[in-house]
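1. Provided below for reference: sequence and predicted model.
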Amino acid sequence: MIRLGPARGARAIVLREDSPLRRVDPRVKLALSLGASLAVMLPLERLIAFMALYALFLLWARLMDEVARQVWRLKWILILLFLVDWLIISLDLAVIVTLRLTLLAGTFTVFFATTKPEELRLALEWLRVPHRYAFSVSLAFQSVGLLDDQWRAIREAQQSRGAWSPPEVKRGLRWNDLRAQVSAATLAVRDMVALSVPAIVLAVKHAWAMNEAAYARGFDSPERVPYHRLKMTGLDWLLLTGALATGVILVWVK
Amino acid sequence: MTGSGALVAEQVSYGYLGAGKALDGVSLAVAPGEVVLITGPSGSGKSTLARCLTGLIPHLYHGELQGHCQVDGVSTTDTPLWRLAKRAGFVFQNPGEQLLATSVEEEIIFGLENLGLPPEEIESRLEEALERFGLKEMRHRAPQTLSGGEQQKLALAAIMARHPAALVLDEPLSMLDTTAASALVEHLLGLARDGVTVVLCEHRAEYLEGRPDVRVVPMGAAAPHLAPPSSIPLPASAEGQVVLEVQGLGVTLGDKRVLQGLNLALAGGQVAVIVGRNGVGKTTLLRALCGLQKHEGTVLADGARPELGLVFQNADLQLFNASVRDEILYRMPQPDMALYPWLLQALGLGSYEQVPPLLLSEGEKKRLALATVMMRNPKHGLLLDEPAVGQDAAHKQMLMSILRAVAQSGKVVLVTTHDLSLAVQADRLILLGADGFVADGPPHQVLQNDAAWSAVGLVVPDWVRNPERRAEAEGATVGGGA
């Protein structure tokens, strides 16, 4: 999850002002992230080599802890996929699928942990995405953390009304008792409704409020002139060249 | 500034899609540089009129509009919204929901970019706005990390940097503490002295009423006096008189110490109100008391963890069922069917029993959320977080009557609020500052304790200490609507 400002716990990706990538052009970071994502197509040996290089890059970018935290959040999915692939197909496939997912999680963390929504908007506009869509994407990106907060607030509010009964209540059920199972399943569905309806209502309300606020400040003006301009620096060119060279070596060198 | 700032509504009627008329034949003319305060009970159409005056209706809302509005002589119907936004700015009720950028600077720059200004002009206006609204020190901070008062000031700065000739504000004070509300009012009056037309739609009219330079325009019919039905008393608590004891309560959120070493004893039979600045930890305290927030120290009632019902500030968090009846009776295997009609009648929900909660007004949703918690009949009492936000005087009085009925049944009732017109009606007023409780006692005594108010960083507006003006504020709309 993306959060601007201080994060509560480890659920959100925090904007890392201390990373040297913070000052890198968002277009370059987007290109690096997409390029790194393509590495999932490499065969196992080359993928391992790429990931070793990528780990060095993360150390330089001071993002290893952030990436590790986000990958850790996926641990159960990774473990499950690894076991299923290993038991059903092969160890090689289990390793490669797990590495691919880890790499994908890492590349997106690198981008989102070092890029502000406004910078994403500039990069999208450079790619000729119309302002209104680029703005919407950046606003959505910015609002993920808020939705995360809302989700927790709803859950608390529902708990205070008796929804989401603590596990000990359901633990008492006898699984051979069909009626109890049906009743538990019905309650679970109602609990999901209890959570989903307010979540949808609040998300729509929030989106509408932001929409109004944007229009009240001339969002649809054809006269708009962006204040910030993207400008490539020496570091940007260096990173692009390095990434290109790495790609060429990994793909074509035998 | 762009234009002169004159705002006109002529015989304006408006109905939202699928709903009845929110405005019916309203006319208003605001002269350039004038300050107009629009008051009226919940549902009287204040917000709708504000949206009509700035062109959000009909450009963003596609209901049925009759009559016409003008900004600076320009029709709001025929002019694109971005052109209208140059002439008249709009500040919304919830400061957190109108901020679109990731830093204070960027928030102001967003509106300036849309004017097509050259970079030098944007920089000059940015510095001017930061200076004028006292935001210079926080220019790089994320808007989401600011207090409610600071956020509302930023929203105002972001609009005023665009130099509109008129400013329309929809309940800008409702979420602010008294200090932030008073400061915002002074800012607005300062803008008016500089020639900006200011239109405020506000329940908390007491901050502006009585000022010679403010024209008050009441809207809507007078609200009926609402009170719980005395014929059916609320059942007494099985526990007798509840006593809630809090010892050494402390809460840390992330790396921030929010509450520390709080000691408090609350007895049933009284309505207690906690007042403090935005962000001081009032909501966190309520969450800790009802067990939703990890904390240090103990919270006990009758020697055990208390069973308290919490009514959240945002009613939308709690409502999801298909009808008001289903909502109130949700997860109640053996509901108290004597309490159910009492709640419907007391909270003015009797005619909505089969209506989906999502179709209720904001005030009605808040009352329904209270009903859902009261129906669970929490053993030791009720906690309410900012129940007065967006409520008119009549509903605040009704709320206090209900809370008194709950307290008289022997339970604890604890309310947090910024609204001093509600707070002074309580039996006990507690001031919460950054270092803990600063004053505690009957409201009339606490109100006289200047040192305590100063210690918590809150101003006490004159009307609160003036019994006549306070009575007006508490009952203004009950008998005084237009």
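-> Now that the structure is in, tell me what you want to look at. Keep in mind it's a predicted model, so treat the numbers as computed, not measured. Numbering: from 1, shown residues only, chains lettered A, B, ... in the order given.

2. quick check, pLDDT for B:G3.
-> B:G3 carries a pLDDT value of 62.

3. could you measure from B:A426 over to B:R193?
-> 37 Å (CB to CB, to the nearest Å). The way it works is simple: take the backbone N, C-alpha and C, and place the C-beta from them, glycine included.

4. quick one: which of these two has more around it?
-> B:A426 (24 against 11; other CB atoms under 10 Å in any protein chain shown).

5. doesn't B:D440 make contact with that one?
-> No: counting by CB atoms under 8 Å, B:A426 stays clear of B:D440, with 11.7 Å between them.

6. let me see the contact set for residue 147.
-> Chain wasn't specified; assuming chain A. A:199, A:203 (CB atoms under 8 Å, 6 or more residues apart in numbering or on different chains).

7. ah, I was thinking of chain B
-> So B:S147 contacts B:180, B:277-279 (CB under 8 Å, 6+ apart).

8. okay, it: pLDDT?
-> 78.

9. report how many residues lie close to the closest residue to A:T233 other than its chain neighbours.
-> Distances taken as CB to CB, 6 or more residues apart in numbering or on different chains place A:D25 nearest to A:T233, at 7.1 Å, with adjacent residues excluded. Neighbour count for A:D25, taken as other CB under 10 Å: 21.

10. try A:R179
-> If you count neighbours by other CB under 10 Å, A:R179 ends up with 8.

11. roughly how far apart are the residue nearest to A:T233 and chain B?
-> According to CB to the nearest CB, to the nearest Å, A:D25 and chain B sit 17 Å apart.

12. got a list of what that residue touches?
-> By CB under 8 Å, 6+ apart, the residues touching A:D25 are A:123, A:230-233, A:236.

13. which one (most neighbours) among those residues?
-> Taking other CB under 10 Å as the neighbour criterion, A:A123 ranks highest of these with 22 neighbours.

14. residue contacts, that residue?
-> Taking CB under 8 Å, 6+ apart, we find A:A123 in contact with A:25-27, A:30, A:230.

15. chain B: which of these is nearest?
-> For those, the minimum distance to chain B (CB to the nearest CB) is 13.2 Å, reached by A:P26.

16. does the closest one touch A:L120 like I think?
-> Yes: counting by CB under 8 Å, A:P26 touches A:L120, with 6.1 Å between them.

17. in chain A, where's the longest helix?
-> Of all segments of type helix in chain A, defined using DSSP state H, the longest is helix A:178-215.

18. contact residues of the stretch 301-450 of chain B facing chain A?
-> Contact residues (CB under 8 Å from any CB of the partner chain) of the stretch 301-450 of chain B with chain A: B:309-310, B:312, B:314, B:316-320, B:330-331, B:358, B:372-373, B:376.

19. rerun at 10 Å
-> Contacts of the stretch 301-450 of chain B with chain A, taken as CB under 10 Å from any CB of the partner chain, map to B:308-322, B:327, B:330-332, B:357-358, B:369, B:372-373, B:375-376, B:378, B:383.

20. buried subset of those residues as a PyMOL selection?
-> Per 16 or more other CB atoms under 10 Å in any protein chain shown, the buried members of those correspond to this PyMOL selection:
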select buried, chain B and resi 308+309+310+311+312+313+314+315+316+317+318+319+320+321+327+330+331+332+357+369+372+373+375+376+378+383
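
21. among the residues of the stretch 301-450 of chain B next to chain A, which are in strands?
-> Among those, the residues falling in strands (DSSP state E) are B:308-311, B:383.

22. and B:T48, how many neighbours?
-> A count of neighbours around B:T48, defined by other CB under 10 Å, yields 26.

23. got the contact list for it?
-> B:T48 makes contact with B:12-16, B:21-23, B:26, B:56-57, B:61, B:63, B:170, B:201, B:219, according to CB atoms under 10 Å, 6 or more residues apart in numbering or on different chains.

24. if we can go back for a sec, anything in contact with each of B:A426 and B:D440?
-> Counting by CB under 10 Å, 6+ apart, the shared contacts of B:A426 and B:D440 are B:272, B:274.
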